[in-house]
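A.B. asks: Predicted coordinates and the sequence they were generated for:
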Amino acid sequence: MQRAELTVFIVEDSPAVMERLVEAVGDVPNARVVGSAEAVAGALEGVRAQQPRVLILDVQLRDGSGFRLLKRMRAEGVCRPETIIIVTNYPNDDYRNASRDCGVDHFFDKGAEFHKVREVLLRLGEAAA
């Protein structure tokens, strides 16, 4: 029996962080990046078109925030991915609370917890097996 593919869409405006996230996804068996965006507008269309199982996003984006993206997705009826992960350089309580309010499943500090993104993806991949 074949495992369900773990499709991932990444929303990040830093090229260096985007590269690290793509590498993290590449380390996970049967996972692949199906799209990426640097801003809310492109992310909204990309998530709508690709319908990924996992959405990884930053809080601060070129044209708004990850929270704005999540609110627009809900308002416009865009299918919510099974798992939403935020990685940010701003791991303060206000952002943590806003993440929870927006239905984010995992909230990680880019500096101290980046490795946890890969750990979550590995668990999701194993659960899909």
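C.D. replies: That came in fine, so what should we check first? If you're wondering where the values come from, they're calculated on a predicted model, not measured in any experiment. Residues are numbered from 1 along each chain as shown.
A.B. asks: does Val78 count as helix, strand or coil?
C.D. replies: Put simply, Val78 is coil when judged by DSSP: H, G, I helix; E, B strand; the rest coil.
A.B. asks: Now it: closest residue in space, sequence neighbours ignored.
C.D. replies: Arg48 (4.9 Å; Cβ to Cβ, 6 or more residues apart in numbering). No exception for glycine: its C-beta is placed from N, CA and C like everyone else's.
A.B. asks: Surely the one you found forms part of a strand?
C.D. replies: No: counting by three-state DSSP, Arg48 is not part of a strand but helix.
A.B. asks: thinking it is in contact with Arg80, fair?
C.D. replies: No: look at Arg48 against Arg80 with Cβ atoms under 8 Å: they stay out of range, at 11.3 Å.
A.B. asks: For Phe114, give me phi and psi.
C.D. replies: As for Phe114, its main-chain torsions (degrees, to the nearest 10) stand at phi -60, psi -40.
A.B. asks: likewise His106?
C.D. replies: According to degrees, to the nearest 10, His106 has phi -140, psi 140.
A.B. asks: Okay, now the unreliable bits of this structure?
C.D. replies: 1-3, 128-129 (pLDDT under 70).
A.B. asks: So which residue is smack in the middle of it?
C.D. replies: Ile56 (1.0 Å; Cα atoms, centre = their mean).
A.B. asks: and that one, helix, strand or coil?
C.D. replies: Ile56 falls in the strand class when you classify it by three-state DSSP.
A.B. asks: circling back: I'd like to know how many residues surround the residue nearest to Val78.
C.D. replies: By other Cβ atoms under 10 Å, 13 other residues sit near Arg48.
A.B. asks: Quick one: residues contacting it.
C.D. replies: Residues near Arg48 by Cβ atoms under 8 Å, 6 or more residues apart in numbering: Glu76, Val78, Cys79.
A.B. asks: What about the second one, how many residues nearby?
C.D. replies: Same thing as Val78. Other residues near Val78 number 18, with proximity taken as other Cβ under 10 Å.
A.B. asks: and what of Glu119?
C.D. replies: Glu119: 14 surrounding residues under other Cβ under 10 Å.
A.B. asks: Cheers, nothing more for now.
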